[in-house]
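Participant: what's the 3D shape of this:
(2 chains)
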Number of protein chains: 2
Amino acid sequence: MARHGGAALLLLPLLLALAGSVAGDALPPRPLVIQLPTEEKRAEEAAEAELRCASWRLAGEANNLAPWAAVPEGCVPHVCAYLTGPAYRSDLDLVAREASAYARSARAADAAWVFDIDETLLSNLPYYAQHGYGLELFDHREFDRWVETGEAPAIPSSLRLYREVRDLGFKTFLLTGRTEAHQAVTVDNLRRQGFHDWDKLILRAAADREKTATAYKSEKRKEMEAEGYKILGNSGDQWSDLLGYSMSARSFKLPNPMYYVP
Amino acid sequence: MARHGGAALLLLPLLLALAGSVAGDALPPRPLVIQLPTEEKRAEEAAEAELRCASWRLAGEANNLAPWAAVPEGCVPHVCAYLTGPAYRSDLDLVAREASAYARSARAADAAWVFDIDETLLSNLPYYAQHGYGLELFDHREFDRWVETGEAPAIPSSLRLYREVRDLGFKTFLLTGRTEAHQAVTVDNLRRQGFHDWDKLILRAAADREKTATAYKSEKRKEMEAEGYKILGNSGDQWSDLLGYSMSARSFKLPNPMYYVP
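Facilitator: Below is the predicted model:
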(Lines give C-alpha, C1' and ligand atoms only; values in the text may rest on other atoms or scores of the structure.)
Protein backbone atom coordinates (compact mmCIF):
# COMPACT_ATOMS: atom_id res chain seq x y z
CA MET A 1 0.00 0.00 0.00
CA ALA A 2 2.79 2.40 0.96
CA ARG A 3 4.37 1.51 -2.36
CA HIS A 4 1.50 3.20 -4.25
CA GLY A 5 1.65 6.38 -2.22
CA GLY A 6 5.40 6.44 -2.73
CA ALA A 7 5.08 6.01 -6.48
CA ALA A 8 2.61 8.90 -6.74
CA LEU A 9 4.96 11.16 -4.74
CA LEU A 10 7.90 10.21 -6.95
CA LEU A 11 5.89 10.99 -10.07
CA LEU A 12 4.92 14.44 -8.85
CA PRO A 13 8.18 16.30 -9.73
CA LEU A 14 8.18 14.57 -13.13
CA LEU A 15 4.63 15.69 -13.83
CA LEU A 16 5.40 19.25 -12.70
CA ALA A 17 8.45 19.32 -14.98
CA LEU A 18 6.36 17.99 -17.84
CA ALA A 19 3.69 20.60 -17.20
CA GLY A 20 6.44 23.28 -17.21
CA SER A 21 7.97 22.07 -20.46
CA VAL A 22 4.69 22.26 -22.34
CA ALA A 23 3.67 25.65 -20.87
CA GLY A 24 5.37 27.55 -23.69
CA ASP A 25 4.09 25.17 -26.37
CA ALA A 26 0.58 24.23 -27.37
CA LEU A 27 -1.53 23.06 -24.47
CA PRO A 28 -1.67 19.29 -24.00
CA PRO A 29 -4.82 17.76 -25.45
CA ARG A 30 -6.14 16.72 -22.02
CA PRO A 31 -5.64 18.26 -18.58
CA LEU A 32 -2.99 16.48 -16.48
CA VAL A 33 -4.84 14.53 -13.81
CA ILE A 34 -2.99 12.57 -11.18
CA GLN A 35 -5.12 9.47 -10.70
CA LEU A 36 -4.43 7.96 -7.30
CA PRO A 37 -5.36 4.29 -7.02
CA THR A 38 -8.65 3.76 -5.22
CA GLU A 39 -9.05 1.46 -2.23
CA GLU A 40 -10.88 -0.98 -4.48
CA LYS A 41 -8.11 -0.97 -7.07
CA ARG A 42 -5.51 -1.50 -4.38
CA ALA A 43 -7.39 -4.46 -2.91
CA GLU A 44 -7.68 -5.95 -6.41
CA GLU A 45 -3.95 -5.60 -7.02
CA ALA A 46 -3.14 -7.09 -3.62
CA ALA A 47 -5.37 -10.10 -4.35
CA GLU A 48 -3.74 -10.53 -7.75
CA ALA A 49 -0.24 -10.40 -6.20
CA GLU A 50 -1.26 -12.87 -3.50
CA LEU A 51 -2.52 -15.34 -6.12
CA ARG A 52 0.56 -14.95 -8.31
CA CYS A 53 3.03 -15.23 -5.42
CA ALA A 54 1.26 -18.26 -3.91
CA SER A 55 1.55 -19.95 -7.33
CA TRP A 56 5.23 -19.02 -7.48
CA ARG A 57 5.88 -20.44 -4.02
CA LEU A 58 3.99 -23.67 -4.77
CA ALA A 59 5.87 -24.08 -8.06
CA GLY A 60 9.15 -23.77 -6.18
CA GLU A 61 8.16 -26.44 -3.66
CA ALA A 62 7.17 -28.78 -6.52
CA ASN A 63 10.51 -28.16 -8.28
CA ASN A 64 8.84 -26.51 -11.26
CA LEU A 65 10.87 -23.30 -11.32
CA ALA A 66 13.99 -22.65 -13.30
CA PRO A 67 16.95 -21.71 -11.06
CA TRP A 68 16.18 -18.34 -9.48
CA ALA A 69 18.48 -15.83 -7.84
CA ALA A 70 16.05 -13.83 -5.71
CA VAL A 71 12.41 -13.73 -4.64
CA PRO A 72 10.38 -11.81 -7.27
CA GLU A 73 10.17 -8.24 -5.99
CA GLY A 74 6.37 -8.16 -5.80
CA CYS A 75 6.38 -11.37 -3.76
CA VAL A 76 8.41 -10.25 -0.76
CA PRO A 77 5.31 -9.27 1.29
CA HIS A 78 3.82 -12.70 0.52
CA VAL A 79 7.02 -14.54 1.48
CA CYS A 80 7.41 -12.46 4.65
CA ALA A 81 3.79 -13.11 5.70
CA TYR A 82 4.22 -16.82 4.99
CA LEU A 83 7.42 -17.16 7.02
CA THR A 84 6.36 -15.06 9.98
CA GLY A 85 2.76 -16.29 10.12
CA PRO A 86 1.46 -19.74 11.09
CA ALA A 87 1.67 -21.37 7.61
CA TYR A 88 5.45 -21.97 7.50
CA ARG A 89 5.38 -23.59 10.94
CA SER A 90 2.36 -25.68 9.96
CA ASP A 91 4.06 -26.82 6.73
CA LEU A 92 7.27 -27.73 8.57
CA ASP A 93 5.31 -29.64 11.21
CA LEU A 94 3.40 -31.67 8.66
CA VAL A 95 6.53 -32.68 6.72
CA ALA A 96 8.18 -33.77 9.99
CA ARG A 97 5.11 -35.80 10.97
CA GLU A 98 5.11 -37.58 7.59
CA ALA A 99 8.84 -38.25 7.94
CA SER A 100 8.34 -39.55 11.47
CA ALA A 101 5.54 -41.93 10.44
CA TYR A 102 7.74 -43.24 7.64
CA ALA A 103 10.78 -43.60 9.94
CA ARG A 104 8.75 -45.72 12.36
CA SER A 105 7.66 -48.04 9.52
CA ALA A 106 10.99 -48.29 7.67
CA ARG A 107 13.67 -50.41 9.22
CA ALA A 108 16.84 -51.98 7.84
CA ALA A 109 20.26 -52.98 9.07
CA ASP A 110 22.63 -50.00 8.78
CA ALA A 111 19.72 -47.73 7.94
CA ALA A 112 20.76 -44.09 7.61
CA TRP A 113 18.98 -40.76 7.57
CA VAL A 114 20.57 -37.74 5.92
CA PHE A 115 19.81 -34.26 7.23
CA ASP A 116 20.74 -30.99 5.61
CA ILE A 117 21.48 -28.22 8.14
CA ASP A 118 20.47 -24.69 6.99
CA GLU A 119 16.69 -24.24 6.85
CA THR A 120 16.40 -27.94 7.74
CA LEU A 121 17.82 -28.45 11.26
CA LEU A 122 18.75 -24.83 11.92
CA SER A 123 16.86 -21.73 10.84
CA ASN A 124 18.52 -18.65 9.38
CA LEU A 125 15.28 -16.70 9.52
CA PRO A 126 16.81 -14.09 11.89
CA TYR A 127 19.39 -13.36 9.18
CA TYR A 128 16.94 -13.28 6.29
CA ALA A 129 14.54 -11.06 8.23
CA GLN A 130 17.36 -8.48 8.13
CA HIS A 131 18.00 -9.09 4.41
CA GLY A 132 14.66 -8.74 2.69
CA TYR A 133 13.44 -12.34 3.11
CA GLY A 134 15.22 -13.44 -0.06
CA LEU A 135 14.78 -10.21 -2.04
CA GLU A 136 18.47 -9.31 -1.72
CA LEU A 137 20.94 -11.25 -3.80
CA PHE A 138 22.83 -13.72 -1.64
CA ASP A 139 25.89 -12.13 -0.02
CA HIS A 140 28.38 -14.81 1.04
CA ARG A 141 30.37 -12.53 3.32
CA GLU A 142 27.36 -11.16 5.16
CA PHE A 143 25.90 -14.63 5.54
CA ASP A 144 29.22 -16.06 6.76
CA ARG A 145 29.32 -13.39 9.45
CA TRP A 146 25.88 -14.56 10.61
CA VAL A 147 26.96 -18.24 10.55
CA GLU A 148 29.98 -17.35 12.68
CA THR A 149 27.72 -16.02 15.44
CA GLY A 150 26.46 -19.59 15.94
CA GLU A 151 23.06 -18.17 16.84
CA ALA A 152 20.83 -20.02 14.36
CA PRO A 153 17.85 -21.46 16.26
CA ALA A 154 16.63 -25.04 15.84
CA ILE A 155 13.54 -25.73 13.75
CA PRO A 156 11.46 -27.36 16.51
CA SER A 157 9.76 -30.02 14.35
CA SER A 158 13.15 -30.98 12.88
CA LEU A 159 14.68 -31.34 16.34
CA ARG A 160 11.84 -33.69 17.32
CA LEU A 161 12.32 -35.71 14.12
CA TYR A 162 16.09 -35.82 14.56
CA ARG A 163 15.78 -37.20 18.08
CA GLU A 164 13.16 -39.74 17.07
CA VAL A 165 15.17 -40.97 14.10
CA ARG A 166 18.22 -41.41 16.35
CA ASP A 167 16.14 -43.20 18.99
CA LEU A 168 14.84 -45.57 16.30
CA GLY A 169 18.43 -46.58 15.58
CA PHE A 170 19.08 -44.79 12.31
CA LYS A 171 22.61 -43.60 11.64
CA THR A 172 22.36 -39.83 11.25
CA PHE A 173 24.47 -38.04 8.68
CA LEU A 174 24.47 -34.26 8.58
CA LEU A 175 25.36 -33.23 5.04
CA THR A 176 25.72 -29.49 4.61
CA GLY A 177 26.83 -26.98 2.01
CA ARG A 178 28.69 -25.09 4.76
CA THR A 179 32.45 -25.21 4.30
CA GLU A 180 34.90 -26.93 6.62
CA ALA A 181 36.01 -23.49 7.79
CA HIS A 182 32.69 -23.35 9.68
CA GLN A 183 33.02 -26.75 11.32
CA ALA A 184 33.64 -25.62 14.90
CA VAL A 185 30.89 -22.99 15.01
CA THR A 186 28.45 -25.38 13.31
CA VAL A 187 29.09 -28.11 15.88
CA ASP A 188 28.73 -25.57 18.65
CA ASN A 189 25.53 -24.09 17.19
CA LEU A 190 23.95 -27.54 16.70
CA ARG A 191 24.79 -28.68 20.24
CA ARG A 192 23.51 -25.54 21.87
CA GLN A 193 20.25 -26.06 19.99
CA GLY A 194 19.84 -29.64 21.21
CA PHE A 195 21.29 -31.70 18.38
CA HIS A 196 23.66 -34.35 19.72
CA ASP A 197 25.30 -37.65 18.82
CA TRP A 198 25.17 -37.51 15.04
CA ASP A 199 27.26 -40.17 13.33
CA LYS A 200 28.93 -37.90 10.84
CA LEU A 201 28.97 -34.22 9.98
CA ILE A 202 30.04 -33.68 6.38
CA LEU A 203 31.03 -30.16 5.29
CA ARG A 204 32.26 -28.94 1.93
CA ALA A 205 35.99 -29.43 1.52
CA ALA A 206 38.04 -27.11 -0.70
CA ALA A 207 37.85 -29.76 -3.45
CA ASP A 208 34.03 -29.58 -3.41
CA ARG A 209 33.84 -25.83 -3.75
CA GLU A 210 33.13 -25.68 -7.48
CA LYS A 211 30.56 -28.49 -7.50
CA THR A 212 26.84 -27.90 -7.53
CA ALA A 213 25.12 -28.94 -4.32
CA THR A 214 23.37 -31.72 -6.28
CA ALA A 215 26.72 -33.16 -7.43
CA TYR A 216 28.49 -32.71 -4.08
CA LYS A 217 25.68 -34.24 -2.06
CA SER A 218 25.15 -37.13 -4.50
CA GLU A 219 28.85 -38.00 -4.24
CA LYS A 220 28.68 -38.01 -0.46
CA ARG A 221 25.56 -40.20 -0.46
CA LYS A 222 27.32 -42.59 -2.80
CA GLU A 223 30.20 -42.79 -0.32
CA MET A 224 27.72 -43.63 2.46
CA GLU A 225 26.32 -46.45 0.33
CA ALA A 226 29.83 -47.68 -0.44
CA GLU A 227 30.41 -47.86 3.32
CA GLY A 228 27.41 -50.17 3.59
CA TYR A 229 24.70 -47.76 4.74
CA LYS A 230 21.21 -47.92 3.35
CA ILE A 231 19.83 -44.38 3.03
CA LEU A 232 16.15 -44.65 3.88
CA GLY A 233 15.37 -41.02 4.65
CA ASN A 234 16.65 -37.63 3.58
CA SER A 235 15.41 -34.26 4.86
CA GLY A 236 16.32 -31.04 3.08
CA ASP A 237 14.86 -27.67 2.12
CA GLN A 238 16.44 -27.68 -1.37
CA TRP A 239 15.76 -30.08 -4.22
CA SER A 240 19.55 -30.20 -4.59
CA ASP A 241 19.64 -31.89 -1.16
CA LEU A 242 17.42 -34.67 -2.46
CA LEU A 243 17.91 -35.25 -6.20
CA GLY A 244 20.87 -36.53 -8.21
CA TYR A 245 22.07 -40.09 -7.71
CA SER A 246 22.30 -42.44 -4.73
CA MET A 247 18.96 -40.95 -3.77
CA SER A 248 17.25 -41.85 -0.52
CA ALA A 249 14.38 -44.35 -0.47
CA ARG A 250 12.19 -41.42 0.59
CA SER A 251 12.94 -37.73 0.60
CA PHE A 252 11.30 -34.94 2.54
CA LYS A 253 11.32 -31.46 1.06
CA LEU A 254 11.02 -28.80 3.74
CA PRO A 255 9.58 -25.50 2.55
CA ASN A 256 11.91 -22.64 1.65
CA PRO A 257 10.72 -19.70 -0.45
CA MET A 258 13.77 -17.53 0.35
CA TYR A 259 16.56 -18.94 -1.78
CA TYR A 260 17.46 -21.57 -4.35
CA VAL A 261 20.65 -23.63 -4.33
CA PRO A 262 21.43 -25.49 -7.57
CA MET B 1 -20.75 -24.45 9.29
CA ALA B 2 -23.75 -26.61 8.33
CA ARG B 3 -21.80 -29.54 9.75
CA HIS B 4 -21.96 -28.06 13.28
CA GLY B 5 -25.68 -27.37 13.13
CA GLY B 6 -26.24 -30.92 11.91
CA ALA B 7 -24.18 -32.41 14.72
CA ALA B 8 -26.14 -30.48 17.34
CA LEU B 9 -29.44 -31.71 15.85
CA LEU B 10 -28.20 -35.31 15.82
CA LEU B 11 -27.16 -35.05 19.46
CA LEU B 12 -30.55 -33.79 20.60
CA PRO B 13 -32.41 -37.15 20.74
CA LEU B 14 -29.42 -38.70 22.53
CA LEU B 15 -29.42 -35.96 25.13
CA LEU B 16 -33.18 -36.26 25.61
CA ALA B 17 -32.80 -40.01 26.07
CA LEU B 18 -29.99 -39.48 28.55
CA ALA B 19 -32.05 -36.96 30.45
CA GLY B 20 -34.92 -39.48 30.56
CA SER B 21 -32.71 -42.30 31.80
CA VAL B 22 -31.47 -40.33 34.75
CA ALA B 23 -34.88 -38.96 35.69
CA GLY B 24 -35.60 -41.86 38.06
CA ASP B 25 -32.08 -41.93 39.52
CA ALA B 26 -30.15 -39.36 41.47
CA LEU B 27 -29.98 -36.06 39.68
CA PRO B 28 -26.84 -35.55 37.60
CA PRO B 29 -24.22 -33.46 39.40
CA ARG B 30 -24.53 -30.61 36.89
CA PRO B 31 -27.43 -29.44 34.74
CA LEU B 32 -27.28 -30.67 31.14
CA VAL B 33 -26.34 -27.71 29.00
CA ILE B 34 -26.15 -28.02 25.25
CA GLN B 35 -23.19 -25.87 24.30
CA LEU B 36 -23.53 -24.74 20.71
CA PRO B 37 -20.28 -23.59 19.12
CA THR B 38 -20.05 -19.82 19.04
CA GLU B 39 -19.31 -17.86 15.87
CA GLU B 40 -15.85 -17.17 17.23
CA LYS B 41 -15.17 -20.85 17.90
CA ARG B 42 -16.38 -21.78 14.42
CA ALA B 43 -14.14 -19.20 12.78
CA GLU B 44 -11.21 -20.50 14.80
CA GLU B 45 -11.89 -24.08 13.70
CA ALA B 46 -12.25 -23.02 10.08
CA ALA B 47 -8.92 -21.18 10.19
CA GLU B 48 -7.27 -24.21 11.78
CA ALA B 49 -8.68 -26.52 9.08
CA GLU B 50 -7.58 -24.12 6.34
CA LEU B 51 -4.02 -24.08 7.69
CA ARG B 52 -3.87 -27.85 8.10
CA CYS B 53 -5.37 -28.58 4.67
CA ALA B 54 -3.13 -26.06 2.89
CA SER B 55 -0.15 -27.80 4.49
CA TRP B 56 -1.49 -31.17 3.37
CA ARG B 57 -1.96 -29.94 -0.21
CA LEU B 58 1.51 -28.38 -0.33
CA ALA B 59 3.07 -31.57 1.06
CA GLY B 60 1.38 -33.55 -1.71
CA GLU B 61 2.72 -31.24 -4.42
CA ALA B 62 6.24 -31.55 -2.95
CA ASN B 63 5.95 -35.37 -2.88
CA ASN B 64 6.16 -35.48 0.91
CA LEU B 65 3.05 -37.56 1.58
CA ALA B 66 2.85 -41.31 1.93
CA PRO B 67 0.51 -42.88 -0.65
CA TRP B 68 -3.00 -41.71 0.17
CA ALA B 69 -6.35 -43.15 -0.93
CA ALA B 70 -8.66 -40.17 -0.46
CA VAL B 71 -8.61 -36.49 0.48
CA PRO B 72 -8.75 -36.17 4.30
CA GLU B 73 -12.42 -35.67 5.16
CA GLY B 74 -11.94 -32.29 6.82
CA CYS B 75 -10.09 -31.03 3.76
CA VAL B 76 -12.79 -31.44 1.12
CA PRO B 77 -14.05 -27.83 1.50
CA HIS B 78 -10.46 -26.61 1.11
CA VAL B 79 -9.83 -28.77 -1.98
CA CYS B 80 -13.17 -27.77 -3.51
CA ALA B 81 -12.48 -24.06 -2.95
CA TYR B 82 -8.99 -24.45 -4.41
CA LEU B 83 -10.17 -26.23 -7.55
CA THR B 84 -13.17 -24.06 -8.26
CA GLY B 85 -11.55 -20.74 -7.31
CA PRO B 86 -8.77 -18.86 -9.10
CA ALA B 87 -5.79 -20.57 -7.39
CA TYR B 88 -5.86 -23.87 -9.32
CA ARG B 89 -6.00 -22.02 -12.64
CA SER B 90 -3.22 -19.67 -11.53
CA ASP B 91 -1.03 -22.61 -10.46
CA LEU B 92 -1.63 -24.44 -13.75
CA ASP B 93 -0.85 -21.29 -15.74
CA LEU B 94 2.43 -20.68 -13.93
CA VAL B 95 3.66 -24.25 -14.42
CA ALA B 96 2.82 -24.04 -18.14
CA ARG B 97 4.66 -20.71 -18.43
CA GLU B 98 7.77 -22.19 -16.78
CA ALA B 99 7.57 -25.21 -19.08
CA SER B 100 7.15 -22.96 -22.10
CA ALA B 101 10.17 -20.81 -21.20
CA TYR B 102 12.23 -23.96 -20.75
CA ALA B 103 10.97 -25.48 -24.04
CA ARG B 104 12.06 -22.36 -25.93
CA SER B 105 15.57 -22.59 -24.44
CA ALA B 106 16.08 -26.36 -24.70
CA ARG B 107 16.77 -27.77 -28.12
CA ALA B 108 18.24 -31.06 -29.30
CA ALA B 109 17.97 -33.35 -32.30
CA ASP B 110 15.10 -35.81 -31.74
CA ALA B 111 13.99 -33.88 -28.66
CA ALA B 112 10.80 -35.26 -27.15
CA TRP B 113 8.22 -34.01 -24.67
CA VAL B 114 6.07 -36.45 -22.71
CA PHE B 115 2.57 -35.46 -21.65
CA ASP B 116 0.30 -37.34 -19.31
CA ILE B 117 -3.40 -36.99 -20.19
CA ASP B 118 -5.77 -36.97 -17.17
CA GLU B 119 -5.47 -33.77 -15.11
CA THR B 120 -2.61 -32.78 -17.43
CA LEU B 121 -4.01 -32.26 -20.94
CA LEU B 122 -7.63 -33.06 -20.12
CA SER B 123 -9.53 -32.20 -16.95
CA ASN B 124 -11.82 -34.62 -15.14
CA LEU B 125 -13.03 -31.91 -12.81
CA PRO B 126 -16.66 -32.31 -14.02
CA TYR B 127 -16.49 -35.94 -12.84
CA TYR B 128 -14.81 -35.22 -9.52
CA ALA B 129 -17.23 -32.37 -8.80
CA GLN B 130 -19.91 -35.09 -8.76
CA HIS B 131 -17.78 -37.39 -6.59
CA GLY B 132 -16.74 -35.33 -3.60
CA TYR B 133 -13.57 -33.78 -5.08
CA GLY B 134 -11.48 -36.77 -4.08
CA LEU B 135 -13.30 -37.62 -0.84
CA GLU B 136 -14.86 -40.76 -2.34
CA LEU B 137 -12.62 -43.76 -2.86
CA PHE B 138 -11.78 -44.14 -6.54
CA ASP B 139 -14.45 -46.16 -8.39
CA HIS B 140 -13.00 -47.58 -11.61
CA ARG B 141 -16.39 -48.41 -13.13
CA GLU B 142 -17.92 -45.02 -12.47
CA PHE B 143 -14.83 -43.26 -13.74
CA ASP B 144 -14.70 -45.44 -16.88
CA ARG B 145 -18.28 -44.46 -17.63
CA TRP B 146 -17.20 -40.80 -17.48
CA VAL B 147 -14.14 -41.45 -19.70
CA GLU B 148 -16.42 -43.14 -22.24
CA THR B 149 -18.47 -39.95 -22.62
CA GLY B 150 -15.37 -38.30 -24.15
CA GLU B 151 -16.44 -35.02 -22.57
CA ALA B 152 -13.31 -34.12 -20.58
CA PRO B 153 -12.42 -30.48 -21.32
CA ALA B 154 -8.90 -29.32 -22.17
CA ILE B 155 -6.82 -27.57 -19.53
CA PRO B 156 -6.32 -24.28 -21.41
CA SER B 157 -2.71 -23.61 -20.31
CA SER B 158 -1.77 -27.19 -21.22
CA LEU B 159 -3.31 -26.83 -24.68
CA ARG B 160 -1.24 -23.68 -25.25
CA LEU B 161 1.92 -25.46 -24.06
CA TYR B 162 1.18 -28.54 -26.17
CA ARG B 163 0.82 -26.45 -29.32
CA GLU B 164 3.94 -24.44 -28.59
CA VAL B 165 6.03 -27.52 -27.90
CA ARG B 166 4.87 -29.05 -31.19
CA ASP B 167 5.57 -25.80 -33.06
CA LEU B 168 9.08 -25.78 -31.60
CA GLY B 169 9.68 -29.15 -33.21
CA PHE B 170 9.52 -31.46 -30.20
CA LYS B 171 8.20 -34.97 -30.74
CA THR B 172 5.13 -35.26 -28.51
CA PHE B 173 4.39 -38.49 -26.72
CA LEU B 174 1.16 -38.86 -24.81
CA LEU B 175 1.74 -41.43 -22.09
CA THR B 176 -1.39 -42.29 -20.13
CA GLY B 177 -2.57 -44.72 -17.49
CA ARG B 178 -5.79 -45.16 -19.48
CA THR B 179 -6.11 -48.65 -20.93
CA GLU B 180 -6.10 -49.52 -24.62
CA ALA B 181 -9.84 -50.22 -24.35
CA HIS B 182 -10.26 -46.43 -24.15
CA GLN B 183 -8.11 -45.66 -27.18
CA ALA B 184 -10.85 -44.55 -29.58
CA VAL B 185 -12.73 -42.33 -27.13
CA THR B 186 -9.45 -40.83 -25.88
CA VAL B 187 -8.35 -39.90 -29.41
CA ASP B 188 -11.78 -38.46 -30.09
CA ASN B 189 -11.85 -36.50 -26.83
CA LEU B 190 -8.37 -35.08 -27.39
CA ARG B 191 -9.13 -34.01 -30.96
CA ARG B 192 -12.40 -32.36 -30.09
CA GLN B 193 -10.53 -30.37 -27.43
CA GLY B 194 -7.91 -29.13 -29.88
CA PHE B 195 -5.05 -31.60 -29.43
CA HIS B 196 -3.76 -32.77 -32.80
CA ASP B 197 -0.74 -34.37 -34.47
CA TRP B 198 0.90 -36.08 -31.52
CA ASP B 199 3.65 -38.49 -32.50
CA LYS B 200 2.56 -41.35 -30.31
CA LEU B 201 -0.27 -42.12 -27.93
CA ILE B 202 0.71 -44.83 -25.46
CA LEU B 203 -2.02 -46.50 -23.41
CA ARG B 204 -1.75 -49.31 -20.86
CA ALA B 205 -1.78 -52.73 -22.52
CA ALA B 206 -3.10 -55.77 -20.70
CA ALA B 207 0.49 -56.72 -19.83
CA ASP B 208 0.96 -53.38 -18.04
CA ARG B 209 -2.11 -53.68 -15.87
CA GLU B 210 -0.41 -54.89 -12.69
CA LYS B 211 2.47 -52.44 -12.86
CA THR B 212 2.62 -49.25 -10.84
CA ALA B 213 2.35 -46.11 -12.95
CA THR B 214 5.96 -45.30 -12.02
CA ALA B 215 7.19 -48.66 -13.41
CA TYR B 216 4.94 -48.62 -16.49
CA LYS B 217 5.82 -45.04 -17.43
CA SER B 218 9.56 -45.53 -16.77
CA GLU B 219 9.56 -48.55 -19.09
CA LYS B 220 7.86 -46.56 -21.82
CA ARG B 221 10.30 -43.68 -21.44
CA LYS B 222 13.16 -46.13 -21.66
CA GLU B 223 11.71 -47.43 -24.95
CA MET B 224 11.60 -43.85 -26.27
CA GLU B 225 15.26 -43.41 -25.39
CA ALA B 226 16.10 -46.74 -27.04
CA GLU B 227 14.43 -45.42 -30.19
CA GLY B 228 16.82 -42.46 -30.13
CA TYR B 229 14.66 -39.75 -28.58
CA LYS B 230 16.02 -37.38 -26.02
CA ILE B 231 13.33 -36.64 -23.44
CA LEU B 232 13.78 -32.99 -22.50
CA GLY B 233 10.39 -32.26 -20.97
CA ASN B 234 7.71 -34.18 -19.11
CA SER B 235 4.40 -32.77 -17.87
CA GLY B 236 2.25 -34.70 -15.41
CA ASP B 237 0.00 -34.18 -12.40
CA GLN B 238 1.35 -37.23 -10.53
CA TRP B 239 4.87 -37.81 -9.26
CA SER B 240 4.51 -41.29 -10.79
CA ASP B 241 4.37 -39.55 -14.19
CA LEU B 242 7.77 -38.01 -13.54
CA LEU B 243 9.92 -40.19 -11.26
CA GLY B 244 11.47 -43.65 -11.74
CA TYR B 245 14.13 -44.14 -14.38
CA SER B 246 14.76 -42.70 -17.85
CA MET B 247 13.60 -39.44 -16.30
CA SER B 248 13.18 -36.32 -18.37
CA ALA B 249 15.83 -33.57 -18.30
CA ARG B 250 13.14 -31.41 -16.66
CA SER B 251 9.80 -32.38 -15.23
CA PHE B 252 6.74 -30.24 -14.59
CA LYS B 253 4.40 -31.28 -11.80
CA LEU B 254 0.88 -29.95 -12.38
CA PRO B 255 -1.20 -29.55 -9.23
CA ASN B 256 -3.67 -32.27 -8.26
CA PRO B 257 -5.07 -32.48 -4.73
CA MET B 258 -7.84 -34.95 -5.69
CA TYR B 259 -6.11 -38.29 -6.05
CA TYR B 260 -2.79 -40.09 -5.82
CA VAL B 261 -1.54 -42.69 -8.32
CA PRO B 262 1.44 -44.76 -7.13
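
Participant: From here on, just use CA atoms for contacts and neighbour counts.
Facilitator: Fine.

Participant: Can you point out the buried residues in stretch A:179-192?
Facilitator: A:183, A:186, A:189-190 (16 or more other C-alpha atoms under 10 Å in any protein chain shown).

Participant: Tally up the residues packed near A:I117, please.
Facilitator: Applying other C-alpha atoms under 10 Å in any protein chain shown, we find 22 residues neighbouring A:I117.

Participant: To what extent is the residue lying closest to it once chain neighbours are set aside buried, counted in neighbours?
Facilitator: Sequence neighbours aside, A:T176 is the residue nearest to A:I117 in space, at 5.7 Å (criterion: C-alpha to C-alpha, 6 or more residues apart in numbering or on different chains). Using other C-alpha under 10 Å, A:T176 is surrounded by 22 other residues.

Participant: where does chain A dip in pLDDT?
Facilitator: A:1-35 (pLDDT under 70).

Participant: Give the buried residues for the longest strand anywhere in it.
Facilitator: Criterion DSSP state E: the longest strand present in chain A is strand A:171-179. Buried residues in strand A:171-179, counted by 16+ other C-alpha under 10 Å: A:171-178.

Participant: can you pull the contacts of the residue of the stretch 151-262 of chain A found nearest chain B?
Facilitator: Nearest residue of the stretch 151-262 of chain A to chain B: A:F252, at 5.4 Å (C-alpha to the nearest C-alpha). The neighbours of A:F252, taking C-alpha atoms under 8 Å, 6 or more residues apart in numbering or on different chains as the test, are A:95, A:99, A:233-236, A:242, B:63-64.

Participant: Which residues of the stretch 51-200 of chain A lie near chain B?
Facilitator: For the stretch 51-200 of chain A, the contact set with chain B under C-alpha under 8 Å from any C-alpha of the partner chain comprises A:51-52, A:55-56, A:58-59, A:61-66, A:86-87, A:90-91, A:94-95, A:98, A:102.

Participant: Buried subset of those, written for PyMOL?
Facilitator: Only the buried entries of these go into this PyMOL selection, using 16+ other C-alpha under 10 Å:
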select buried, chain A and resi 51+52+55+56+58+59+61+62+63+64+65+87+90+91+94+95+98+102
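
Participant: Let me see the contact set for A:D91.
Facilitator: Contacts of A:D91 (C-alpha under 8 Å, 6+ apart): A:254-255, B:55-56, B:58-59.

Participant: From A:H196, how far off is A:G177?
Facilitator: As defined by C-alpha to C-alpha, to the nearest Å, A:G177 lies at a distance of 19 Å from A:H196.

Participant: Switch the buried residues of strand A:171-179 over to a markdown table; also include distance to A:V79.
Facilitator: What follows is the buried residues of strand A:171-179, written out as a markdown table (distance: C-alpha to C-alpha, whole Å):
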| residue | distance to A:V79 |
| --- | --- |
| A:K171 | 35 |
| A:T172 | 31 |
| A:F173 | 30 |
| A:L174 | 27 |
| A:L175 | 26 |
| A:T176 | 24 |
| A:G177 | 23 |
| A:R178 | 24 |
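
Participant: Mark which of the buried residues of stretch A:179-192 are part of strands, please.
Facilitator: Among the buried residues of stretch A:179-192, no member is found in strands (DSSP E).

Participant: Closest one to A:R166 out of those residues, please.
Facilitator: A:L190 (15.0 Å; C-alpha to C-alpha).

Participant: I figured that closest one hits A:H196, correct?
Facilitator: Yes: in this structure, A:L190 is within contact of A:H196 by C-alpha atoms under 8 Å, at 7.5 Å.

Participant: Next, count neighbours for A:F143.
Facilitator: With neighbours defined by other C-alpha under 10 Å, the count for A:F143 comes to 14.

Participant: Which of the three states applies to it?
Facilitator: For A:F143, the assignment made with DSSP: H, G, I helix; E, B strand; the rest coil gives helix.

Participant: Name the secondary structure element that contains the nearest residue to it once chain neighbours are set aside.
Facilitator: Distances taken as C-alpha to C-alpha, 6+ apart put A:Y127 closest to A:F143, at 7.6 Å, once the chain neighbours are dropped. Assigned by DSSP states H and E, A:Y127 falls within helix A:125-129.

Participant: Now do the strands in chain A.
Facilitator: Remark: strands assigned in chain A by DSSP E are A:111-115, A:171-179, A:200-204, A:230-236, A:250-253.
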